[in-house]
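Undergrad: need a 3D model of the sequence below.
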Amino acid sequence: MIIDAHQHFWDLSRGDYAWLTPAEGILYRNYLPTDLIPTLRENGVIATVLVQAAPSEAETRYLFDLARANAFVAGVIGWVDFEDPDVEPRIEGLIQAGAGMLKGLRPMIQDIADPEWVRRPALDPAFEAMSTHGLVFDALVRPVHLPPLRTRLERHPQLQVVLDHAAKPQIRTGEFETWAREMQAIGRGTQVHCKLSGLLTLAGGSAHPSKDIKPYVEHVFACFGPQRVLWGSDWPVLNAVSEYSQWLRISRDMIGHFAEGLRDDVLGRNAERVYRLKIPPA
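TA: Below is the predicted model:
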């Protein structure tokens, strides 16, 4: 059972993807379910978690529509303004609109100027509401955000958290030590989970991607253990540097090496458990 724990769809005509400009190359086009379905079938992927790509509730509701129309989407990670004074009823509204599809929320922390943002007391109501409703906090962070995130977790010990893209190490430049130290601290000091996703993109289209990402993958498994690692494609962002089948093949090889005997957990069961997914029949 393979579950892709991290993929996106977008339609440029919506106009709420500020980051998505012509400078993004092949990513600057619509990516919709009809583009992904053949790839999922070819690679034996039975379900996905659809993740927000725009900071708007309207996009989250759009993702619900796509999920309802495509049975392979087992859950949605949406967006809400964590600083809105009415954040609690807004979260409840999204839960109702999703009718079981909303599995988590993801503020785009990597794009927020203040690296300490996640510590702000004004965000407490949003995190408390997530804990109350059993929503997962998808943390789109860089290494600089990990210490503030640990502080946030101390205030909400019941909150389920998943790091996107292994907290985005700068693989292209070879930076390792700072990232590794912070990942060890959060991995061994909390119950946070980590997505094995986005690493080929972070390697920047390297000619030897397996070699370049191997120490980072090894460290992820050392810090979190196979039961707290989830596999994701980060499609279609992945398309800028590689192909779905290549990333899945590299992932299988490395999971087999660093999590021998637990490949099925990393490739699917962990995502099913963490996001409380209801997987449709094949």
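Undergrad: Leu140: how many residues sit nearby?
TA: 21 (other C-beta atoms under 10 Å). To be clear about C-beta, it is placed using only N, CA and C from the backbone, and glycine gets the same treatment.
Undergrad: quick check: it vs Ser206, distance?
TA: 22 Å (C-beta to C-beta, to the nearest Å).
Undergrad: contacts only, for Arg276.
TA: 75, 103, 134 (C-beta atoms under 8 Å, 6 or more residues apart in numbering).
Undergrad: pick the one among those residues closest to Leu32.
TA: Gly75 (18.0 Å; C-beta to C-beta).
Undergrad: what about that closest one, how many neighbours?
TA: As a burial measure, Gly75 scores 26 neighbours (other C-beta under 10 Å).
Undergrad: so it is in contact with Met101, correct?
TA: Yes - using C-beta atoms under 8 Å, Gly75 is in contact with Met101, at 6.2 Å.
Undergrad: what touches both of these two?
TA: Ala67.
Undergrad: all helices for this structure, in order.
TA: Using DSSP state H, the helices found in the chain span residues 33-43, 57-69, 87-98, 124-133, 146-155, 177-189, 199-202, 209-224, 244-258, 263-264, 270-274.
Undergrad: can you lay out those helices as CSV showing distance to Pro115?
TA: Converted to CSV, the helices of the chain look like this (distance: least, C-beta to C-beta, whole Å):
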stretch, distance to Pro115
helix 33-43, 33
helix 57-69, 25
helix 87-98, 21
helix 124-133, 18
helix 146-155, 7
helix 177-189, 12
helix 199-202, 19
helix 209-224, 21
helix 244-258, 29
helix 263-264, 35
helix 270-274, 26
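Undergrad: so which of those helices is the most packed in?
TA: helix 199-202 (a mean of 24; mean count of other C-beta atoms under 10 Å).
Undergrad: that one - what's its average pLDDT?
TA: Averaging pLDDT along helix 199-202 gives 96.
Undergrad: what is that helix packed up against?
TA: Counting by 3 or more C-beta pairs under 8 Å, 6 or more residues apart in numbering; DSSP states H and E, the packing neighbours recorded for helix 199-202 are helix 209-224, helix 244-258.
Undergrad: can I get the ones you listed in TSV including mean pLDDT?
TA: Output for those, formatted as TSV (pLDDT from 0 to 100):
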stretch	mean pLDDT
helix 209-224	96
helix 244-258	96
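Undergrad: how about these in JSON lines, adding distance to Pro121?
TA: Shown next, in JSON lines, are the helices and strands packed on helix 199-202 (distance: least, C-beta to C-beta, whole Å):
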{"stretch": "helix 209-224", "distance to Pro121": "28"}
{"stretch": "helix 244-258", "distance to Pro121": "39"}
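Undergrad: closest one to Ala167 among those helices?
TA: Taking the helices and strands packed on helix 199-202 one by one with C-beta to C-beta, helix 209-224 is closest: 9.3 Å.
Undergrad: and the angle from the closest one to helix 177-189?
TA: Angle, helix 209-224 to helix 177-189, by axes from the mean of the first three to the mean of the last three C-alpha atoms, to 10 degrees: 40 degrees.
Undergrad: give me the below-cutoff pLDDT ranges for the chain.
TA: The model of the chain has pLDDT under 70 over residues 280-282.
Undergrad: most centrally placed residue in it?
TA: Centroid check for the chain by C-alpha atoms, centre = their mean gives Asp164 as the closest residue, at 4.0 Å.
Undergrad: residues contacting that residue?
TA: Asp164 sits next to 6, 51, 106, 138-141, 195, 197-198 when contact means C-beta under 8 Å, 6+ apart.
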